[in-house]
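J.: predicted structure and sequence below. I'll ask about it afterward.
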Amino acid sequence: MEALGLMPASSDRNPDAGFWAGRRVLITGHTGFKGSWLTLWLLRLGAQVSAVALDPETSPDLYTSLALARCDRAAGPLPGSLADHRLDIRDARALQELVALVDPEVVLHLAAQPLVRRSYNDPLGTWATNVQGSLHLLEALRPLSHPCAVVMVTTDKVYENREWCYGYRETDRLGGHDPYSASKAAAELAIASWRASFCGSAPHQTPHLAIATARAGNVIGGGDWAEDRIVPDAMRSCARAVPLTLRNPGATRPWQHVLEPLSGYLRLAERLCQQPQLHAEAWNFGPLREANRPVVELVAALHQHWQGEWSDLSDPAAPHEAGLLHLVIDKAADRLDWQPRWDFATTVARTAMWYRQVAEGASPLLCCLADLDRYLAS
């Protein structure tokens, strides 16, 4: 199955291949970690994918290693098609021209400046990309003359973090201490305002767009090579046999495999097309409660699958980052029939083994397809 790039047997919990086959999909941020996984999944579903992003920032990077735009893919043909475009979403005119060319039926917006620590170094660029870039996309979609479902991806960090033990619900107050978190909270407000102002039947509005936002927890999985992220840092340290330094070992996060929120985004897009008025709002996609673990527990679990060492170099003068955070996902469970499938142990095992197998010479594409098949069968 993996060698042919075919989808496993259908399940009510899995994306509807009949819905996605041949559908015109625009994805932004496809060269990033989550975007690469999502592009691969859409191609296996048979979608006609048009993708826009900047060039990958890291070397190696998952998108390049998957070689999705090549016809001679190592895993055989994928049913879908991919048109790869490179532009900055801060360029409103170029984005408008691309949207007009693609004429999408579904939009999955992942393009962002996604790093907290980088946002301290480049706050204006972070705000411009995450807020203004998102509005550029919505403005570019206004002229569409047919229904289009739009999933705008933000983050679990949009909430005003009170460092309490309770999970955050979609109706909780938005906030954000650091520039990244605040920019994503601002994007949520801007998107909600744009939807209220310009979606409808009035002369200045469009009846064609159904817009939702998706707030996901900390995602891990094979192929993330970003700087200043705990899993890539840990896997690099294992591969090089050098100790890992933890800057915030006690920070607790809702760890989930990258396939978990992506399945939520696909489910949400399907429902937006089917019942737009009932689903055009904000949605949380997080892991099971037991997956809320401190960084040090995550690293210890990773080292069970790939031996390594770590040391605590906590810096009290370092820029602020949230210490305790998790999401309530009851709404997605009740109204989208979406639930996370992999527990913490499975998530960590699949992640560590991906990196180890690739370091030992395995194909990144085949490793991704194997994880996707396991996930769909679970």
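T.: Received the coordinates, thanks. Residues are numbered from 1 along each chain as shown.

J.: could you use CA atoms for every contact and neighbour count after this?
T.: Noted.

J.: hey, where'd the helices end up in the stretch 51-200 of the chain?
T.: 62-66, 92-102, 116-121, 123-127, 133-141, 179-198 (DSSP state H, counting those that start in this stretch).

J.: and the second one, what's its mean pLDDT?
T.: What it means is helix 92-102. Averaging pLDDT along helix 92-102 yields 98.

J.: by contact count, what packs against it?
T.: Counting contacts by 3 or more C-alpha pairs under 8 Å, 6 or more residues apart in numbering; DSSP states H and E, helix 92-102 is packed against helix 133-141.

J.: sorry, back to before: of the helices of the stretch 51-200 of the chain, which is nearest V52?
T.: helix 92-102 (8.7 Å; C-alpha to C-alpha).

J.: quick one: least confident helix or strand in this structure?
T.: Sorting the helices and strands of the chain by mean pLDDT, DSSP states H and E puts strand 310-312 at the bottom, at a mean of 70.

J.: could you point out which element follows that one?
T.: Sequence order places helix 330-335 as the next helix or strand after strand 310-312, per DSSP states H and E.

J.: about what we covered before: and the helices of the stretch 51-200 of the chain, which one averages the lowest pLDDT?
T.: Looking at the helices of the stretch 51-200 of the chain, the lowest mean pLDDT belongs to helix 116-121 (a mean of 90).

J.: which strands or helices does it pack on?
T.: helix 179-198.

J.: which residues sit against the helix it packs on?
T.: Applying C-alpha atoms under 8 Å, 6 or more residues apart in numbering, the contact partners of helix 179-198 are 113-116, 119-120, 123, 126-127, 130-131, 134-135, 138, 154-155, 157-159, 174-176, 204-206, 211, 213, 281.

J.: tell me where this protein has strands.
T.: Remark: strands assigned in the chain by DSSP state E are 24-28, 48-53, 81-86, 106-109, 148-153, 209-216, 219-220, 244-246, 252-254, 256-257, 282-285, 292-294, 310-312.

J.: quick one: distance of the third one to the chain centre.
T.: What that stands for is strand 81-86. 18 Å (C-alpha atoms, centre = their mean, to the nearest Å).

J.: list the buried ones in that strand?
T.: Residues 81-82 are the ones in strand 81-86 that count as buried (16 or more other C-alpha atoms under 10 Å).

J.: could you pull up the mean pLDDT of that strand?
T.: For strand 81-86, mean pLDDT rounds to 95.

J.: how about R267, nearest residue that isn't a chain neighbour?
T.: Counting by C-alpha to C-alpha, 6 or more residues apart in numbering, R267 lies nearest to P15, which is 6.3 Å off, once chain neighbours are set aside.

J.: I'd say the one you found and Y265 touch.
T.: No. Look at P15 against Y265 with C-alpha atoms under 8 Å: they stay out of range, at 9.8 Å.

J.: these two: which is more packed in?
T.: In this view P15 and Y265 are compared by other C-alpha atoms under 10 Å, and Y265 has more residues nearby, 26 against 22.

J.: which stretches of this structure have low pLDDT?
T.: Low-confidence segments of the chain (pLDDT under 70): 1-11, 70-76, 312-323.

J.: ok, the residue lying closest to S81 once chain neighbours are set aside to R23 distance?
T.: Leaving aside its chain neighbours, S81 sits nearest to Q48 (4.9 Å; criterion: C-alpha to C-alpha, 6+ apart). Distance of Q48 to R23, given as C-alpha to C-alpha, to the nearest Å: 6 Å.

J.: what about the two, which has more around it?
T.: Q48 (22 against 18).

J.: bridging residues for that one?
T.: R24, S81 (DSSP bridges).

J.: from what I can see it touches F19, true?
T.: No. In this structure, Q48 is not within contact of F19 by C-alpha under 8 Å, at 11.8 Å.

J.: and stretch 290-304, how far out from the chain middle?
T.: Worked out by C-alpha atoms, centre = their mean, stretch 290-304 lies 21 Å from the chain centre.

J.: to clarify, my last question referred to stretch 155-169.
T.: 18 Å.

J.: residues contacting it, please?
T.: With C-alpha under 8 Å, 6+ apart, stretch 155-169 has contacts from 172-177, 181-182, 184-185, 188, 214-218, 284, 322-329.

J.: how close does W225 sit to P56?
T.: Distance from W225 to P56, by C-alpha to C-alpha: 10 Å.
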